[in-house]
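Undergrad: next come a sequence and a model predicted from it.
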Amino acid sequence: MRTYFGLPQTVFILGAISFLNDAASDAVYPLLPLFFAATFASGSQLLGLIEGAANATAALMQLVSGRLYDKTQRAKPWMVIGYALPAFSRPLLAVFSLWPIILALRVLDRVGKGLRSAPRDALLAASVSPEKHGYAFGVHRSADHAGAVVGPLVAAALIASGWSIREVLIATLVPGVLCVLLTLIVKEQGAASFASKSSAIDWRWATLPEPLKRYLIATSLFALAQVSNMFMILRAKDGGITDAQIPLLWAAFSALAMILSPKLSAFGDKVSHLRWVNIGRIGYVIIAFGFALIPPTIASIIVLFAIQAVFVAASEGVEKAVVAELAPKESLGTAFGWFHLLRGLAILPGTAAFGVLWSHTSPMLAFSASALVAALAVAMLMRR
């Protein structure tokens with residue numbers, strides 16, 4: 001508890017912002033596959049296209065926003081815009097039923113993520129000492145997951161009381177607006193020790209340190225393989241989980257990740273950040289093979305989601321700590337920009353290909369392909 005309360009105020013404010021944003025986002029996130037399936041004829045294939053394109057668009061914004069953070073030492077402007085876009089685009093999903101408009105709204109949502117993520121991560125890393133990077137990012141991810149617990153529970157309660165999915169989408173405007181208001185009080189003094197006022201920071205790939213480039217390449221390959229949680233939700237439905245139970249499953253998954261994230265991420269500070277990331281990714285390979293080879297039942301789905309929560313808690317925060325560890329301090333925002341950019345660009349073909357494999361072959365083949373590519377990424381990082 002002393003370690004927890006010894007963190008700077010910036011970490012807690014950023015955590016509160018992420019809590020509100022994720023409460024709004026995850027209230028509808030587990031419902032989107034159901035919404036797409038009910039609205040469009042080719043639900044799973046269109047889901048892969050829309051989610052892949054939206055995340056790739058976000059990735060294109062990451063490098064620019066990270067570079068601007070390094071140049072200006074300002075994270076707040078990009079965070080305000082980055083949280084405002086999803087706050088207003090999410091409720092508009094309820095208004096339209098044409099897939100190009102749905103795609104545009106999802107892209108706007110993800111553009112907001114692209115504008116805010118690299119500056120926010122750089123600000124968070126700049127606010128704590130290097131030996132606490134894993135723990136600080138773990139605490140932040142824990143706040144994310146806390147929002148992902150509250151959001152689905154509220155959504156489940158609203159649906160149980162007779163609300164439609166469209167009405168739940170509209171209701172996300174409230175936490176979205178609160179999130180934007182809270183962003184306005186963020187203070188940025190802690191960034192001075194990491195950021196640089198120089199406009200000569202080079203953001204070319206060739207100028208990155210070789211260990212960072214090797215790590216980013218392996219991370220991109222892993223992102224290519226990693227399955228969107230939405231497809232795991234669809235698999236849960238195949239296993240007998242009902243529409244009303246889907247938000248509860250997602251809330252339980254997020255609650256477990258929330259509880260484990262700080263402790264497992266702090267363990268990465270004690271050993272090797274890089275080694276701990278790879279152990280978590282080995283866990284993902286096991287999960288993907290599990291979804292492929294174990295017949296979907298309520299029991300097997302619950303077990304696989306629980307293991308997935310452990311993987312997420314162990315690796316998500318620490319993989320950012322590796323970036324902070326390998327990047328030059330004066331270009332931390334740029335390094336996080338490259339991290340988010342390459343991961344996001346890999347998500348587009350990976351998610352789209354997974355959707356095609358799911359639709360035209362079988363979920364078993366799609367998950368098996370994901371596991372094999374992820375195993376290749378693990379092997380690449382081991383040889384680093």
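TA: Arrived safely. Numbering: from 1, shown residues only.

Undergrad: now the strands for this protein?
TA: Assigned by DSSP state E, the chain shows no strands.

Undergrad: spatially central residue in it, please.
TA: The residue lying closest to the centre of the chain (C-alpha atoms, centre = their mean) is residue 316, at 8.2 Å.

Undergrad: list the contacts of the nearest residue to residue 117 once chain neighbours are set aside.
TA: Excluding the flanking residues, the one nearest residue 117 by C-beta to C-beta, 6 or more residues apart in numbering is residue 340, at 5.3 Å. (Each C-beta comes from the backbone N, C-alpha and C, glycine too.) For residue 340, the contact set (C-beta atoms under 8 Å, 6 or more residues apart in numbering) comprises 58, 59, 62, 63, 66, 114, 117, 118.

Undergrad: confidence score at the nearest residue to the third one once chain neighbours are set aside?
TA: Translated: residue 62. The spatially closest residue to residue 62, leaving aside those adjacent along the chain, is residue 340, at 3.5 Å (C-beta to C-beta, 6+ apart). Looking at residue 340, its pLDDT is 83.

Undergrad: any idea how far residue 340 lies from residue 325?
TA: Residue 340 sits 17 Å away from residue 325, going by C-beta to C-beta, to the nearest Å.

Undergrad: before we move on, the earlier item: now for the contacts of residue 340: which two are most distant?
TA: Longest distance between any two of the contacts of residue 340 is 12.6 Å, between 58 and 66; criterion C-beta to C-beta.

Undergrad: ok, these two, which is more surrounded?
TA: Between residue 58 and residue 66, residue 66 has the larger neighbour count (other C-beta atoms under 10 Å), namely 30 against 27.

Undergrad: quick check, that one in contact with residue 342.
TA: No. If you go by C-beta atoms under 8 Å, residue 66 and residue 342 don't touch, sitting 12.0 Å apart.

Undergrad: what about the helices in the stretch 1-150 of the chain?
TA: Ranges of helices in the stretch 1-150 of the chain, per DSSP state H, counting those that start in this stretch, are 2-5, 9-28, 32-39, 43-72, 76-92, 99-126, 133-160.

Undergrad: redo the ones you listed as TSV? Include mean pLDDT.
TA: Compiled in TSV, the helices of the stretch 1-150 of the chain are given as follows (pLDDT from 0 to 100):
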stretch	mean pLDDT
helix 2-5	64
helix 9-28	89
helix 32-39	66
helix 43-72	72
helix 76-92	91
helix 99-126	84
helix 133-160	86
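
Undergrad: export these to CSV and tack on distance to residue 216?
TA: CSV is the format used below for these (distance: least, C-beta to C-beta, whole Å):
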stretch, distance to residue 216
helix 2-5, 29
helix 9-28, 23
helix 32-39, 29
helix 43-72, 12
helix 76-92, 21
helix 99-126, 13
helix 133-160, 17
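
Undergrad: relative to residue 184, which of the ones you listed is closest?
TA: Across these, residue 184 has its closest neighbour in helix 76-92 (6.6 Å, C-beta to C-beta).

Undergrad: what are the contacting residues of stretch 75-90?
TA: For stretch 75-90, contacts defined as C-beta under 8 Å, 6+ apart pick out 17, 21, 24-25, 28, 65, 68-69, 105-106, 108-109, 111-117, 119-120, 122-123, 169, 172-173, 176-177, 179-180, 183-184, 186, 188, 191.
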